[in-house]
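one predicted model, sequence on top.
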Amino acid sequence: MFSQSWPEVNHCRTRLRRAGKGASLLYLHGANGVPHVPAFLEKFTADWDVLVPEHPGFGESDDPDWLECMDDLAYFYLDWLDQLGIERLHAVGSSLGGWLTMELAIRQPQRFASLTLIGSAGLAPPPPGAEHNLFRWTPAQLVRNTFHDEAFVQAALATPPDAETAAKNRHTIARLGWHPRLHHPMLHKRLHRLTMPVFLAWGEEDRVLPVTQVPEFQRLLPHAETRTYPACGHLPQVEQQAAFTQDLLRFLRSV
């Protein structure tokens, strides 16, 4: 059972769900927020202290005026970890959260025991054109382009977020990733600092950030373990939950 708290850092309260015991495992969500704890994380609470925060500007967390770019969010989370007394951790980041994970780890690499990047933004822009531009999609198009399996599409469409939360999330993702679109042009120069174990997971049918981005990650992180998931869109932890969970458990235990 995940407990809920509201730590306040830099005059910003964030919603935090937490469960388990052991080494710290931090999950950083993507542009859709984290209205519920992702189901796959239940498998990790026996051996890890699992933390699932909601980023500033998303969901029920505060929407601070000072949040203007990914740098602001990265430094906020380093202060947040300090306040919670977490000195060493494993980080799992999905999409926008993968980008955030890299930004945190290049600043304080000694703090991170491992990184897991799921369909990560940050390193390279999506292909040009509306086909891969989430800022030009309607909410329904975003759902359809997130998942490959129609069953997941229909389930997500049947339970949309409330309009206020959806608008808040869209505003924040625009602040963080509008221009340049969903990447940091200088990030590639800094990835040599990520010498800790890295697991890279990607859906082969990802239409948000296509699997064609994987070779650039492999070039810059040659020690990374990579797994692509067939018949899977942008969220392997959802569409291929069993396979992804098994892979992540094995990776973390090997670390």
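That came through, no problem. In this text, all values refer to a predicted model and were calculated from it rather than measured experimentally.

can you give me the strands in this protein?
Ranges of strands within the chain are 3-5, 8-9, 12-13, 16-20, 23-28, 48-53, 89-94, 112-118, 198-203, 225-229, based on DSSP state E.

my read: His55 touches Leu73, true?
Yes: taking contacts as C-beta atoms under 8 Å, His55 lies within contact range of Leu73: 6.5 Å. In this view, the C-beta of every residue, glycine as well, is placed from N, C-alpha and C.

picking up where we left off before, nearest to Pro160, out of the strands of the chain?
Shortest distance between Pro160 and these, using C-beta to C-beta, is found for strand 89-94: 19.5 Å.

mind checking how far that closest one is from the chain centre?
Distance of strand 89-94 from its chain centroid, counting by C-alpha atoms, centre = their mean, to the nearest Å, is 8 Å.

packing partners for it?
In terms of contacts (3 or more C-beta pairs under 8 Å, 6 or more residues apart in numbering; DSSP states H and E), strand 89-94 is packed against strand 23-28, helix 96-107, strand 112-118.

can you show me the helices along the stretch 101-250 of the chain?
139-146, 150-158, 163-177, 214-220, 236-239, 241-254 (DSSP state H, counting those that start in this stretch).

which other helices and strands contact the last one?
Based on contacts counted as 3+ C-beta pairs under 8 Å, 6+ apart, the elements that helix 241-254 packs against are strand 112-118, strand 198-203, strand 225-229, helix 236-239.

mind putting the ones you listed into a markdown table with mean neighbour count and distance to His183?
Shown next, in a markdown table, are the helices and strands packed on helix 241-254 (neighbours: other C-beta atoms under 10 Å; distance: least, C-beta to C-beta, whole Å):
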| stretch | mean neighbour count | distance to His183 |
| --- | --- | --- |
| strand 112-118 | 23 | 13 |
| strand 198-203 | 24 | 16 |
| strand 225-229 | 17 | 19 |
| helix 236-239 | 23 | 20 |
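
just put those in TSV and tack on distance to Tyr27 and mean pLDDT.
Formatted as TSV, the helices and strands packed on helix 241-254 follow (distance: least, C-beta to C-beta, whole Å; pLDDT from 0 to 100):
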stretch	distance to Tyr27	mean pLDDT
strand 112-118	9	98
strand 198-203	13	98
strand 225-229	18	98
helix 236-239	9	98
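
count of neighbours near Pro38?
Close neighbours of Pro38, defined as other C-beta atoms under 10 Å, add up to 16.

does it touch Tyr27 like I think?
Yes: judged on C-beta under 8 Å, Pro38 makes contact with Tyr27 at a distance of 6.9 Å.

quick check: neighbours shared by these two?
Counting by C-beta atoms under 8 Å, 6 or more residues apart in numbering, the shared contacts of Pro38 and Tyr27 are Val52.

returning to that earlier point: out of the helices and strands packed on helix 241-254, which comes closest to Leu67?
Closest to Leu67 of the helices and strands packed on helix 241-254 is strand 112-118 (C-beta to C-beta; 22.3 Å).

with that, I have no additional questions.
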